[in-house]
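Chemist: here are the coordinates; sequence isn't available:
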């Protein structure tokens, strides 16, 4: 009789691998007689991920960050051996630079490790009996041991490649594309609600983000993906372009002229069917079905006779919609070719850079700059407290822990450090019980290994859900830190008590700096971001058609374009955190609609700036409308920041654009017969202007429906 062996779930396998790696790491470190073996245990706890590729990526970033920190720390110690103030100034500047880059880098963990490890080495070298070089090498070898052991265990025991998950993520993204394009084609029939469309867009953006994460993992753990990594990078950029174009279409101006869109664009049904077939082909390609990629026709026909019967505003909306659909079709065709090249390793030509917009890599961000100042301020406060406060719990550890947590929490400004005090205290209590009452009763390495295995496995199982990964990291890190396993093991209640006081003090310090320079309450942050969004949009409208741009003006334009394109995503995040007592009745729905309109205005402003950049001069009626729109944007910004009531939007609404129609007709008559390209460009400009006007009208109405009096009440928490 053959007994059926029960299958082991993926989460159980990962928990077992982490527990085995923890035991093996401590066994090697203790056998070699190395000090600070908890550093190796921390490396295992922090690099363990759900897949092999994610683990290898994080392990590599941790090791590289540690090596970079060693170089910086030893350099600072060599330059300022007896000048502690200059030394601390340079160290804090380095930590601030790491904080700035981790908030805008695609490899934030590298900068995070580089920052806090340099603090650990510098402070440890100043307070330990060993020299700076010995401390640095000990940190490197312990981190390398933990990284190496976990990597070997992950590769040899139940290796979980990210390849299949990558393919599933690609198919999920294209399925989301398919559903979204179907909803977009239903916009003209008004059978799709804004909430449903917003949900589709959110799912599509989340699928795109997951694809970006899994591609890095699959490149690390799959030979097939590694060999075609350049083609996969191109595929990723093309899919991101398609996702962005669909977002723009979802926020485009709906047609409201009484004529069905299918009458104005006769081949719209065939065009939409071709787009849908392209996404079906993409899913089949990623799934392994060999076939020839057949790009769809990217030309939309226009019924000129029926188009002439429309007002210029409606004709402009049609022209802009046609332009966006044809752009999407072209991008989808490129995505099909890129998917074929990536999936089957076929070279389709030179790799395009896809840099259609100016680089924003070095573009300053005020939020990031304030985050840097908060990190540096917290580090300096901890350092001064260590120097001048006698009996400070933890001593030098207070400085290192402040630097580590400040850098870690800088990536998540929505998390209040004070809220972590309770879970951290609970972890310290449970770890202290194990440290004081269980570990003294152990006899030999076997029982110690069994304890490490059981506790590590239990924590990993308890927090197996990816959404609870932070709890797993906190639990393992505190357990390893409190127990501090070593060959000369000692047990002290004072050590646990110091740890129980140390963490709350550090978290309270970080909570205090969180209020610098202004309140971190979600409703206040939302107000500041929205006011900045309106001011940047006003600046773009004011300077979009400038005939001559200096380098400074061009830099300011790129800065405000960057702000307008990135702030709506932050608004969506912070709007979900606003307390419900500030949003009574339908205010929550109004707030969500306001965020959607901000997304629409963001895309429309970008397109309008792009359209105006090729115009030598704007018509006087357009200049008048633009000035009024800019004034309304500024007053909206003042209202959200100070409470000044905005003016009526009538002058910038579509009704206020009627004079532009007559001006364009007169301009066309005075210039003679215009080319089709000139006509389409003028119509697109008018359609974009109408879209901006409608967005401003909606934003003003929604603003009036949200009562901000309670938002401005003075309270600390």
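Modeler: Yep, that arrived. The structure displayed is predicted, hence computed values, not measured ones.
Chemist: How is this structure partitioned into domains?
Modeler: Domains of the chain are assigned by automatic domain parsing as 10-160+363-513, 163-221+229-344, 538-712.
Chemist: Of all these, which one is nearest residue 524?
Modeler: domain 538-712 (7.4 Å; C-beta to C-beta). All C-beta spots, glycine's among them, are computed from the backbone N, C-alpha and C.
Chemist: mind listing the strands for the stretch 451-600 of the chain?
Modeler: Counting by DSSP state E, counting those that start in this stretch, one finds no strands in the stretch 451-600 of the chain.
Chemist: any weak-confidence spans in it?
Modeler: 544-549 (pLDDT under 70).
Chemist: can you give me the helices for it?
Modeler: In the stretch 451-600 of the chain, the helices defined using DSSP state H, counting those that start in this stretch lie at 469-483, 493-513, 522-543, 551-575, 587-612.
Chemist: residues of the last one that come out buried?
Modeler: The neighbour-count check on helix 587-612 (16 or more other C-beta atoms under 10 Å) flags 587-588, 590-609, 611-612 as buried.
Chemist: Please name the residues that touch the residue lying closest to residue 502 once chain neighbours are set aside.
Modeler: Excluding its sequence neighbours, the residue lying closest to residue 502 (C-beta to C-beta, 6 or more residues apart in numbering) is residue 394, at 3.9 Å. For residue 394, the contact set (C-beta atoms under 8 Å, 6 or more residues apart in numbering) comprises 401, 498-499, 501-502.
Chemist: elements contacting the helix or strand where residue 682 lies?
Modeler: Per DSSP states H and E, residue 682 falls inside helix 676-705. Packing partners of helix 676-705 (3 or more C-beta pairs under 8 Å, 6 or more residues apart in numbering; DSSP states H and E): helix 312-344, helix 587-612, helix 620-642, helix 658-671.
Chemist: 6 Å - rerun?
Modeler: helix 312-344, helix 587-612 (3 or more C-beta pairs under 6 Å, 6 or more residues apart in numbering; DSSP states H and E).
Chemist: Counting neighbours, what do you get for residue 280?
Modeler: Residue 280 is flanked by 13 other residues according to other C-beta atoms under 10 Å.
Chemist: which stretches of the chain have low pLDDT?
Modeler: Looking at the chain by pLDDT under 70, you get 1-6, 128-129, 186-195, 252-259, 290-298, 345-362, 544-549, 613-621, 643-680, 715-717.
Chemist: and residue 527, which of the domains of the chain is closest to it?
Modeler: domain 538-712 (5.0 Å).
Chemist: That closest one: end-to-end distance?
Modeler: Domain 538-712 has an end-to-end distance of 24 Å (criterion: C-alpha to C-alpha, to the nearest Å).
Chemist: do the same with stretch 510-526
Modeler: Per C-alpha to C-alpha, stretch 510-526 runs 21 Å from first to last residue.
Chemist: And for it, what's in contact with it?
Modeler: Contacts to stretch 510-526, defined as C-beta atoms under 6 Å, 6 or more residues apart in numbering, come from residues 374, 377-378, 406, 417-418, 574, 577-578, 582, 711.
Chemist: Which among those count as buried?
Modeler: By 16+ other C-beta under 10 Å, the contacts of stretch 510-526 give 374, 377-378, 406, 417, 574, 578, 582, 711 as buried.
Chemist: how much space between residue 496 and residue 435?
Modeler: Taking C-beta to C-beta, to the nearest Å as the measure, residue 496 falls 6 Å from residue 435.
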